[in-house]
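Colleague: with the sequence up front, the predicted model follows.
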Amino acid sequence: MLGHFLEAKVVILGSQSVGKTSLVIRYVQKTFSPNCPSTIGASFVATKLVVDGYKIRLQIWDTAGQDRFRPMAPMYYRGATAAILVYDITSAKSFSEIDSWIKELRRTTSDDIILQIVGNKCDLDHLREVSTEQANDYGKKQLGPDHTLFEVSAKDDQGVDDMFTHVTRRILDKAQEIERRKRTNPNGTVQLDAEHDKIKTNNRSCCNV
Ligand SMILES: Nc1nc2c(ncn2[C@@H]2O[C@H](COP(=O)(O)OP(=O)(O)OP(=O)(O)O)[C@@H](O)[C@H]2O)c(=O)[nH]1
């Protein structure tokens with residue numbers, strides 16, 4: 001049975017200035033700073049939450065969107081359970097770059113990585129360049145009919161908590177699926193252990209959440 005303590009790595013990817021750091025700060029610190037400095041390399045924050053009775057520790061890696069840091073990205077997404085792919089709804093270019101992230105992740109990571117598309121800055125609807133319908137259709141086409149697009153605003157605190165909770169639920173579902181497969185396919189131990197390594201579960205009955 002899946003332990004009641006779970007740890008997962010989540011990486012945030014996307015073009016420069018789409019608001020990756022702002023989303024993490026909004027989620028973890030409940031604040032917004034309009035003068036957020038551009039990320040150099042990447043930064044890491046850990047946060048604990050309880051979803052559906054499970055205590056989860058998310059290790060969130062916020063990566064730098066500047067092109068010069070792109071070659072470093074594999075260092076941060078390697079071993080990730082989930083990747084949050086962020087675009088800015090006022091930038092068609094940032095949306096088109098999601099496609100190259102998906103291709104790169106498909107090429108270089110396990111099929112099991114959870115991919116979540118997120119449009120940030122929905123407070124700037126009057127400047128919108130990417131329609132909800134376009135992004136929604138794209139997400140379902142690329143990531144399957146169950147993919148739910150999130151349009152959020154780190155500035156106005158719209159949808160950010162819901163989006164992180166949704167990703168965490170998907171991580172839980174994945175962990176449960178891996179457990180199920182492990183039970184029903186004992187011959188697949190090696191492969192399943194490799195997968196399982198990315199979602200660390202622990203049967204501890206007590207933790208710091
Ligand atoms: N209006 C609005 N501005 C936002 C929002 N989120 C971020 N910003 C602004 O967008 C700019 C870039 O935000 P960051 O969080 O630094 O973006 P980033 O994707 O982490 O940027 P890099 O680290 O350079 O890749 C900053 O001026 C933010 O204040 C939002 O939801 N609405």
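Modeller: Ah, there it is. Predicted model, so just to flag it, every value in this text is computed and none were measured. Numbers count the residues shown, from 1 in each chain.
Colleague: okay, now the unreliable bits of this protein?
Modeller: 1-4, 186-209 (pLDDT under 70).
Colleague: ok, now with 50
Modeller: 189-209 (pLDDT under 50).
Colleague: got the residues of it near the ligand?
Modeller: Counting by Cβ under 6 Å from any ligand atom, the residues of the chain close to the ligand are 14, 16-22, 34, 36, 38-39, 64-66, 120-121, 123-124, 153-155. Just so you know, the C-beta spots here come from the backbone N, C-alpha and C atoms, and that holds for glycine as well.
Colleague: neighbours of the residue lying closest to Ala92 once chain neighbours are set aside, how many?
Modeller: Nearest residue to Ala92, sequence neighbours excluded (Cβ to Cβ, 6 or more residues apart in numbering): Glu129, at 4.3 Å. Using other Cβ atoms under 10 Å, Glu129 has 15 neighbouring residues.
Colleague: bridging residues for Pro47?
Modeller: Careful, residue 47 is Thr and not Pro. Under DSSP bridges, the beta-bridge partners of Thr47 are Leu58.
Colleague: in which helix or strand would I find Phe44?
Modeller: Using DSSP states H and E, Phe44 sits in strand 42-51.
Colleague: phi, psi for the residue lying closest to Cys122 once chain neighbours are set aside please.
Modeller: Closest residue in space to Cys122, ignoring its immediate chain neighbours: Glu151 at 4.4 Å, by Cβ to Cβ, 6+ apart. Main-chain dihedrals, Glu151, degrees, to the nearest 10: phi -110, psi 120.
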